[in-house]
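Q: Predicted structure and sequence below. I'll ask about it afterward.
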Amino acid sequence: MIVSMTGYGEGVASNDAATVTSEVRSVNHRFLDLSFKVPRILQAHERDMKEIVRKHLARGRVYVTVTIEMEHRADSVAIDARVMAEYLNQLRDFA
């Protein structure tokens, strides 16, 4: 178990659908103080993530940031021009 640390680490994982980036920053602190910033979809797992960090660190102020970027592929979107024109006509009538 690491007793004291000041450091920075970053990891990136990606596939066809998304890219996930995690960043961990730590500064010396007398006790273990954890701060997480994660997307809403991961908030239910925050307790589990804190336990993982607690298993490896005894002290320090630790900041963990996780971001998820979804891949937007142009070939995955199809626009029905007829339907779009009908929506546009309805919006004009409404205005």
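A: Ah, there it is. Numbers count the residues shown, from 1 in each chain.

Q: beta partners for the closest residue to Ile41 other than its chain neighbours?
A: Leaving out its chain neighbours, the residue that sits closest to Ile41 by CB to CB, 6 or more residues apart in numbering is Ile68, at 7.1 Å. In this view, the C-beta of every residue, glycine as well, is placed from N, C-alpha and C. Ile68 has these beta-bridge partners by DSSP bridges: Val20.

Q: contacting residues for Ile68?
A: When contacts are counted by CB atoms under 8 Å, 6 or more residues apart in numbering, Ile68 touches Ala18, Thr19, Val20, Pro39, Ile41, Leu42.

Q: quick one: the helices in this structure?
A: Ranges of helices in the chain, per DSSP state H, are 46-56, 81-94.

Q: Could you single out the most deeply buried of the ones you listed?
A: helix 46-56 (a mean of 12; mean count of other CB atoms under 10 Å).

Q: Can I get it in PDB, CA atoms only?
A: Taking Å, rounded to 0.1, in the frame of the first residue of the first chain, the C-alpha atoms of helix 46-56 are listed here in PDB:
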ATOM      1  CA  GLU A  46     -18.900   5.900  -7.300                       C
ATOM      2  CA  ARG A  47     -18.900   3.900  -4.100                       C
ATOM      3  CA  ASP A  48     -17.200   1.000  -5.800                       C
ATOM      4  CA  MET A  49     -14.600   3.300  -7.300                       C
ATOM      5  CA  LYS A  50     -13.800   4.800  -3.900                       C
ATOM      6  CA  GLU A  51     -13.300   1.400  -2.400                       C
ATOM      7  CA  ILE A  52     -10.800   0.500  -5.200                       C
ATOM      8  CA  VAL A  53      -8.800   3.700  -4.400                       C
ATOM      9  CA  ARG A  54      -9.000   3.000  -0.700                       C
ATOM     10  CA  LYS A  55      -7.400  -0.400  -1.200                       C
ATOM     11  CA  HIS A  56      -4.300   1.200  -2.800                       C
END
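
Q: No further questions, thank you.
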